[in-house]
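Visitor: With the input below, show me the fold.
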Amino acid sequence: MPTIVVDVMPKAELLDPQGKATTGALERLGHGKFENVRIGKRFELTVQGEVTEAVLAEVRQMADEILSNSVIEDVVAISVDGVAVEAR
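Guide: Numbering: from 1, shown residues only. Coordinates of the predicted model:
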């Protein structure tokens, strides 16, 4: 069965408190070369049957309306079995 992955990240212009805390923790643990950590969400959807354009359209709609909050987040990537497809 194919797996569709949807990646959602906070909008670049918004503060990411979780990412900022992780950046600080990495620095305290001796990993100071890594800056500006951003933390997002990953959704894995297993599909019964073939992934058609209709299925992808449904996933895009779900990503925009349910899986992400368009005020503070962007859908940054959608892939099918590791192959990127157009998110919008």
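Visitor: Only the C-alpha atoms, please, for whichever strand or helix holds Gly24, written as CSV.
Guide: Assigned by DSSP states H and E, Gly24 falls within helix 17-28. Below are the C-alpha coordinates for helix 17-28, written out as CSV (Å, rounded to 0.1, in the frame of the first residue of the first chain):
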residue,chain,number,x,y,z
PRO,A,17,9.3,28.5,20.7
GLN,A,18,9.9,24.7,20.5
GLY,A,19,12.6,25.2,17.9
LYS,A,20,14.2,28.0,19.9
ALA,A,21,14.3,25.9,23.0
THR,A,22,15.9,23.0,21.0
THR,A,23,18.5,25.3,19.5
GLY,A,24,19.5,26.4,23.0
ALA,A,25,19.6,22.9,24.3
LEU,A,26,21.8,21.8,21.4
GLU,A,27,24.2,24.7,22.1
ARG,A,28,24.4,23.8,25.8
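Visitor: Mind giving me the packing neighbours of the helix or strand that it is followed by?
Guide: Next helix or strand after helix 17-28 toward the C-terminus (DSSP H and E): strand 41-46. Counting contacts by 3 or more C-beta pairs under 8 Å, 6 or more residues apart in numbering; DSSP states H and E, strand 41-46 packs against strand 3-10. Where you see a C-beta, it was placed from the backbone N, CA and C, and this is true even at glycine.
Visitor: average pLDDT across the strand it packs on?
Guide: Across strand 3-10, pLDDT averages out at 97.
Visitor: can you give me the angle it makes with helix 17-28?
Guide: With axes from the mean of the first three to the mean of the last three C-alpha atoms, to 10 degrees applied, the angle from strand 3-10 to helix 17-28 works out at 90 degrees.
Visitor: Any buried residues in strand 3-10, and which?
Guide: Burial within strand 3-10, assessed by neighbour count using 16 or more other C-beta atoms under 10 Å, is assigned to 4-10.
Visitor: who's sitting farthest from the centroid in the chain?
Guide: Distance from the C-alpha centroid of the chain, by C-alpha atoms, centre = their mean, peaks at Gly30 (27.4 Å).
Visitor: returning to that earlier point: is it possible to get JSON lines of the buried residues of strand 3-10 that adds distance to Asp16?
Guide: Converted to JSON lines, the buried residues of strand 3-10 look like this (distance: C-beta to C-beta, whole Å):
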{"residue": "Ile4", "distance to Asp16": "25"}
{"residue": "Val5", "distance to Asp16": "21"}
{"residue": "Val6", "distance to Asp16": "19"}
{"residue": "Asp7", "distance to Asp16": "15"}
{"residue": "Val8", "distance to Asp16": "12"}
{"residue": "Met9", "distance to Asp16": "9"}
{"residue": "Pro10", "distance to Asp16": "5"}
